[in-house]
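*Asks:* prediction below, plus the sequence it came from.
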Amino acid sequence: DPKLDPFTTLLDLKLGTFDPERGPVQVRTQEDLRGFFQADPPRPDELVYRVMPVPVPTENSEIQCSTTVLEPGTVGDEYYMTKGHFHAVRDRSEIYIGLAGEGCLVLATEDGRHRVEPIREGMVNYVPGGWAHRSVNVGDEPLVFFAAYVGDAGHDYATIERDGFPVLVCRGDDGPVVTDNPHY
Ligand code: F6R
Ligand code: ZN
């Protein structure tokens with residue numbers, strides 16, 4: 001017998017909000033990102049991003065989805081970004097769809113390969129299993145994207161907190177600059 005009943009929610013394609021909301025909004029402040037940015041947070045209470053979830057059972061047979069709204073800003077030279085994670089079940093994949101703003105998706109494998117892909121309205125980013133991923137807002141407006149991923153993927157933040165990503169995305173005089181992470 002099917003485990004779930006069908007449901008429908010309305011996604012605001014500009015704001016990334018769901019109506020009705022399906023689950024508790026996750027809020028991440030500068031303080032929550034301490035240790036992920038190179039610099040200590042200058043304004044610990046300031047909002048960096050929110051995740052709006054559409055919760056379903058965390059099982060391989062389901063598809064989780066959510067939207068992320070990442071504010072514009074910097075800590076030190078680094079643009080506001082998500083913590084970033086490997087999926088706890090390493091081979092689980094994910095799809096991002098850009099809804100608003102200007103962003104970068106930084107991806108890295110455990111053996112240190114990396115890629116930087118653009119996130120923009122209408123762009124579809126494929127995140128294959130085995131690639132850690134972090135989104136970065138390199139614009140002046142909120143970066144909004146939709147994500148759908150395998151239900152039992154889970155999140156491994158600890159590896160990123162310890163090692164970081166191979167590259168940093170920083171504000172330069174003429175826009176974003178991708179540099180090697182000296183602490184990786
Ligand atoms: C889920 C996923 C996104 C992120 C969200 C916040 O697998 O990749 O929904 O969870 O963008 O980023 P993190 O989880 O790195 O804080
Ligand atoms: Zn993910």
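*Replies:* Received the coordinates, thanks. Ligands and ions are numbered 1, 2, ... in the order given.

*Asks:* how about the residues of this structure near ligand 1?
*Replies:* Residues of the chain lying near ligand 1 by C-beta under 6 Å from any ligand atom: 51, 66, 68, 82-85, 94, 133, 135, 147, 149, 153, 155. C-beta coordinates here come from the backbone N, C-alpha and C atoms, glycine included.

*Asks:* possible to save those as a markdown table with pLDDT and neighbour count?
*Replies:* Supplementary listing: those in a markdown table, determined by pLDDT from 0 to 100; neighbours: other C-beta atoms under 10 Å:
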| residue | pLDDT | neighbour count |
| --- | --- | --- |
| Val51 | 98 | 18 |
| Ser66 | 98 | 21 |
| Thr68 | 99 | 24 |
| Thr82 | 99 | 24 |
| Lys83 | 98 | 16 |
| Gly84 | 98 | 22 |
| His85 | 98 | 18 |
| Glu94 | 98 | 19 |
| His133 | 99 | 23 |
| Ser135 | 99 | 26 |
| Ala147 | 98 | 19 |
| Tyr149 | 98 | 20 |
| Ala153 | 98 | 21 |
| His155 | 98 | 13 |
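
*Asks:* show me those that map onto strands.
*Replies:* When the residues of the chain next to ligand 1 are checked against strands using DSSP state E, the ones located there are 51, 66, 68, 94, 133, 135, 147, 149.

*Asks:* show the pLDDT at the closest residue to Val54 other than its chain neighbours.
*Replies:* Here the nearest residue to Val54 in space, its sequence neighbours aside, is Arg22; by C-beta to C-beta, 6 or more residues apart in numbering that works out to 4.4 Å. pLDDT, Arg22: 95.

*Asks:* count the neighbours of Arg22 for me.
*Replies:* Using other C-beta atoms under 10 Å, the number of residues around Arg22 comes to 15.

*Asks:* distance-wise, check it relative to Val177.
*Replies:* Remark: distance between Arg22 and Val177 (C-beta to C-beta, to the nearest Å) = 38 Å.

*Asks:* how about Ser135?
*Replies:* In this structure, Ser135 and Val177 are separated by 17 Å, where distance is defined by C-beta to C-beta.
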